[in-house]
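**Q** no FASTA, just this:
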């Protein structure tokens, strides 16, 4: 599971490089993808308590949407941030 998570984010890094027509190396794109995987994985772990207790009728969908946004936002920010730029 961890290798798949890192692989997906590394693929996102290469895809972002290709779509933006960046001149950076593929290695740099993989490094950005790995950083995105680590940051997003840490955020995902931080919000992992949203499934307990399990009450399907009482789910607050706005809270879940916000939690998933928080989980994936650090990864995407790591990918779209420019070199030398602070977000």
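**A** Structure's in. What do you need? Source: prediction; values computed, not measured.
**Q** quick one: the helices in the chain?
**A** 2-20, 26-46, 61-80 (DSSP state H).
**Q** List the contacts of residue 11.
**A** With contact taken as C-beta atoms under 8 Å, 6 or more residues apart in numbering, residue 11 is in contact with residue 33. For glycine as for every other residue, the C-beta is placed from the backbone atoms N, C-alpha and C.
**Q** Could you measure from it over to residue 72?
**A** 15 Å (C-beta to C-beta, to the nearest Å).
**Q** Same question for residue 48.
**A** Residue 48 is 13 Å from residue 72, by C-beta to C-beta.
**Q** go on, residue 29?
**A** 18 Å.
**Q** Pick out whichever of the two has more residues nearby.
**A** Higher neighbour count among residue 29 and residue 72: residue 29, with 21 against 14, using other C-beta atoms under 10 Å.
**Q** Which residue is the nearest non-sequential neighbour of the most centrally placed residue in the chain?
**A** Nearest to the centroid of the C-alpha atoms of the chain, with distances taken as C-alpha atoms, centre = their mean, sits residue 75, at 2.8 Å. Once flanking residues are discounted, residue 75 sits nearest to residue 40: 3.1 Å by C-beta to C-beta, 6 or more residues apart in numbering.
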